[in-house]
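Novice: Coordinates only, no sequence provided:
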């Protein structure tokens, strides 16, 4: 119990009332449970074998008056409920004064003196415990039963959501394969409204990538261009005739080849430098926009449509494999978050390999 936090918030009076109510509710629930179990033959025989005189007294004195005894508990619970309702109205806890009984419906139903509704008083114990948790009076997260429930509640929710997610993705894949307009909806409602942002991002990526990588591959690019030019020039008949000129033919041919190679390399180099320059952002953006519109065009050929559908299906299949992994098992075996991520990557690669034909 964190009494300092209770005093700091001025909640000591409410805390004492809550503790009293919890004890009273537990006593009432234990009494209801005991009275119900006495109707079971094996439990009645077990209690009689230990305290036969107590059973005779209980059945003759308490059991006939159990309903009236329960009404005493109900009267106390009702009084506490009405006091909390009045305080909620005074402190304007809710938007309207009559919201309180609807929000605390389990308290209202638990006041009904019938066997089927009495069990709902347990919810009142839980609500009081949560209220004490909020004010810092207790810390239920360190309680073993609470940790146990939270853990397996998370496992249950994850298993259910995984199954639902996989079913939804499978349905989308089936619609994509069958030619339903899901791809058109994705393009029209997701991709096209973000066209300007995507074009801006792609243009920036082109500039950044070209500017960062061109210097590293400039020598290889020149070597490749020279190789292709040399091969093309050797196959060109007009250039071959130049080499047949007496005395200076071979030198002229070499000069022409070197000049063409220098011009082409300069054009390629300047073009890539221009792509990497922010001054040509408009040109790059226009180029990317044209490509983007061509891809998003409905009047594409059948092969491209099939390629897009296959790409979407394969991407969704990867998502399904990732969702199918039981992450809660990996988290249990991992010592920290980094190890969990490593185990998750390894498990995903294993699942992907096992799914390969």
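Specialist: Ah, there it is. Quick caveat: nothing in here was measured; it's all calculated off a predicted structure.

Novice: Only C-alpha atoms from now on, for both contacts and neighbour counts.
Specialist: Fine.

Novice: what about the helices in the stretch 101-250 of the chain?
Specialist: Using DSSP state H, counting those that start in this stretch, the helices of the stretch 101-250 of the chain run over 105-110, 115-118, 121-134, 144-177, 182-186, 195-234, 237-243, 249-276.

Novice: Residue ranges in the stretch 1-150 of the chain under the pLDDT threshold?
Specialist: Applying pLDDT under 70 to the stretch 1-150 of the chain flags the ranges 1-11, 135.

Novice: repeat that for 80
Specialist: The model of the stretch 1-150 of the chain has pLDDT under 80 over residues 1-15, 114-117, 119, 130-143, 145-150.

Novice: Need phi/psi at residue 51.
Specialist: When read as degrees, to the nearest 10, the backbone of residue 51 gives phi -140, psi 80.

Novice: any idea how far it lies from residue 58?
Specialist: 11 Å (C-alpha to C-alpha, to the nearest Å).

Novice: Just want to know which of these two has more residues nearby.
Specialist: residue 58 (16 against 11; other C-alpha atoms under 10 Å).

Novice: what's the distance between residue 309 and residue 21?
Specialist: Residue 309 is 62 Å from residue 21, by C-alpha to C-alpha.

Novice: And residue 111, its phi and psi?
Specialist: phi -80, psi -10.

Novice: Which residues are in contact with it?
Specialist: Residue 111 sits next to 74, 77-78, 117-118, 121 when contact means C-alpha atoms under 8 Å, 6 or more residues apart in numbering.

Novice: Likewise for residue 101?
Specialist: Residue 101 neighbours (C-alpha under 8 Å, 6+ apart): 85, 107-108.

Novice: can you do 7 Å?
Specialist: Residue 101 makes contact with residue 108, according to C-alpha atoms under 7 Å, 6 or more residues apart in numbering.

Novice: residues near residue 170, how many?
Specialist: Residue 170 - counted by other C-alpha under 10 Å - has 16 other residues nearby.

Novice: could you point out where the stretch 151-300 of the chain is predicted with low confidence?
Specialist: 151-159, 162, 164, 168-169, 171-300.

Novice: Contacts only, for residue 74.
Specialist: residue 111.

Novice: give me the element it is part of.
Specialist: helix 66-90 (DSSP states H and E).

Novice: Buried ones in that helix, by neighbour count?
Specialist: Residues 66, 70, 73-74, 77-78, 81, 85, 88-89 are the ones in helix 66-90 that count as buried (16 or more other C-alpha atoms under 10 Å).

Novice: Now these in TSV, please, with extra columns for distance to residue 112.
Specialist: Listed next are these as TSV, based on distance: C-alpha to C-alpha, whole Å:
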residue	distance to residue 112
66	15
70	10
73	11
74	8
77	11
78	10
81	13
85	18
88	22
89	24
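
Novice: what residues are up against residue 334?
Specialist: residue 340.

Novice: Could I get the phi/psi values of it?
Specialist: phi -90, psi 140.

Novice: cool, and residue 93?
Specialist: According to degrees, to the nearest 10, residue 93 has phi -70, psi -30.

Novice: since we're on it, how many residues are nearby?
Specialist: When counting by other C-alpha under 10 Å, one arrives at 13 neighbours for residue 93.

Novice: what do you get for residue 120?
Specialist: Quick note: residue 120 (other C-alpha under 10 Å) scores 19 neighbours.

Novice: Now it: closest residue in space that isn't a chain neighbour?
Specialist: Excluding the flanking residues, the one nearest residue 120 by C-alpha to C-alpha, 6 or more residues apart in numbering is residue 110, at 5.0 Å.

Novice: which residues sit in contact with the one you found?
Specialist: Shown in contact with residue 110 (C-alpha under 7 Å, 6+ apart): 117-118, 120-121.

Novice: make it 10 Å
Specialist: Residue 110 makes contacts with 74, 77-78, 116-124, as judged by C-alpha atoms under 10 Å, 6 or more residues apart in numbering.

Novice: Around residue 49, how many other residues sit close by?
Specialist: 11.

Novice: And it, which helix or strand is it part of?
Specialist: helix 41-50.

Novice: just checking, residue 54 touches residue 47?
Specialist: Yes. Contact status for residue 54 versus residue 47: in contact at 8.6 Å, counting by C-alpha atoms under 10 Å.

Novice: returning to what we had before: closest to residue 258 among the contacts of residue 110?
Specialist: Of all the contacts of residue 110, residue 258 sits closest to residue 123, with 88.9 Å by C-alpha to C-alpha.

Novice: Can you give me the separation between that closest one and residue 324?
Specialist: 35 Å.

Novice: now swap in residue 144 and tell me
Specialist: For residue 144 relative to residue 324 (C-alpha to C-alpha), the value is 29 Å.

Novice: quick one, which of those two is more surrounded?
Specialist: It is residue 324, of residue 144 and residue 324, that has more neighbours when counted by other C-alpha under 10 Å, with 16 against 10.

Novice: Show the pLDDT at the more buried one.
Specialist: We have a pLDDT of 75 for residue 324.

Novice: what packs against the helix or strand where residue 23 lies?
Specialist: With secondary structure defined by DSSP H and E, residue 23 is part of helix 12-37. Packing partners of helix 12-37 (3 or more C-alpha pairs under 10 Å, 6 or more residues apart in numbering; DSSP states H and E): helix 3-8, helix 41-50, helix 66-90, helix 115-118, helix 121-134.

Novice: No further questions, thank you.
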